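**Q** no FASTA, just this:
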């Protein structure tokens, strides 16, 4: 019974490149949340998706960031033209129904922009 | 605007004693509160939660207390064990809302000394 799987675990990108972070939710979970943890800070909500739908993207930066959760395959968080300030740990969580209560988190992807 | 605050960045406790981690919140719409534990390079792991209709929830060595009038909650761990050493995050949600995203505090690093 695999948990929430995120890959890659570590990602290094040069400024201006694109970063793609993948999240496969737990089996049977159709709700996915992305969070970002900047150094020395707590986790900040970015976006909440259900299959093929973005439900709440109030935490997403207005530019360069996008997320999707297609009918088939993992959820993708995409960051275009990365900058140094995007360096952070990005966590994905999933839950079986609406409500992030007791959502299960993946191990995260640590993005480093050089 | 930090809606969930953990004012103690760190706490050191002797093995076998009680650990008390504190959390304050400002949004009276929050109706569900959770504690997560996080080891380095891993994702947060759900520990215990409490609904706003209760003032206490207990699970083994872990007890969460909620004081709604003071907008304060605390996590008690007794007896503390060295394996409890981790960062503890308090989180809140408005479960009755549509998106149920979690608002996290900045975390408290607990060190349990053998």
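**A** Everything's here; your move. All of these numbers come straight from a predicted model, not from anything done at the bench.
**Q** Residue numbers of chain B in contact with chain A?
**A** Counting by C-beta under 8 Å from any C-beta of the partner chain, the residues of chain B close to chain A are B:4, B:6, B:32, B:34, B:36, B:41-46, B:49, B:89, B:91, B:93, B:95, B:98-107. In short, each C-beta sits where N, CA and C put it, glycine included.
**Q** Of the residues you listed, which belong to strands?
**A** When the residues of chain B next to chain A are checked against strands (DSSP state E), the matches are B:4, B:32, B:34, B:36, B:45, B:46, B:49, B:89, B:91, B:93, B:103, B:104.
**Q** ok, so of the residues you listed, who is nearest chain A?
**A** Nearest to chain A among those, counting by C-beta to the nearest C-beta, is residue B:104 at 4.0 Å.
**Q** What does the pLDDT read for that closest one?
**A** pLDDT, residue B:104: 93.
**Q** cool, and residue B:101?
**A** Predicted confidence (pLDDT) for residue B:101: 82.
**Q** how many other residues sit next to it?
**A** By the criterion of other C-beta atoms under 10 Å in any protein chain shown, residue B:101 has 25 neighbours.
**Q** Contacts only, for the nearest residue to residue B:102 once chain neighbours are set aside.
**A** In space, and not counting its chain neighbours, residue B:102 is closest to residue B:91: 4.3 Å by C-beta to C-beta, 6 or more residues apart in numbering or on different chains. The contact partners of residue B:91, taken as C-beta atoms under 8 Å, 6 or more residues apart in numbering or on different chains, are A:43, B:4, B:33, B:34, B:35, B:36, B:102, B:103, B:104, B:105.
**Q** what's the lowest-pLDDT member of the ones in strands among the residues of chain B next to chain A?
**A** residue B:93 (86).
**Q** and that one, how many residues sit next to it?
**A** Taking other C-beta under 10 Å as the neighbour definition, residue B:93 ends up with a count of 23.
**Q** Might one say that it is in contact with residue B:32?
**A** Yes. Contact status for residue B:93 versus residue B:32: in contact at 5.0 Å, counting by C-beta atoms under 8 Å.
**Q** what residues are up against the most centrally placed residue in chain A?
**A** By C-alpha atoms, centre = their mean, chain A has its centre lying nearest to residue A:34, at 3.7 Å. With contacts defined as C-beta under 8 Å, 6+ apart, the neighbours of residue A:34 are A:23, A:45, A:46, A:47, A:49, A:67, A:75, A:77, A:90, A:91, A:92.
**Q** for residue B:10, same thing?
**A** Contacts of residue B:10 (C-beta under 8 Å, 6+ apart): B:108, B:109, B:110, B:111.
**Q** swap in residue B:21?
**A** B:6, B:8, B:11, B:35, B:74, B:75, B:77, B:88, B:90, B:108, B:110.
**Q** Of those residues, which is the nearest to chain A?
**A** residue B:6 (7.8 Å).
**Q** Chain neighbours aside, what residue packs nearest to the closest one?
**A** residue B:105 (3.8 Å).
**Q** hang on, isn't that neighbour packed against residue B:75?
**A** No. Counting by C-beta under 8 Å, residue B:105 sits too far from residue B:75 to count as a contact (11.2 Å).
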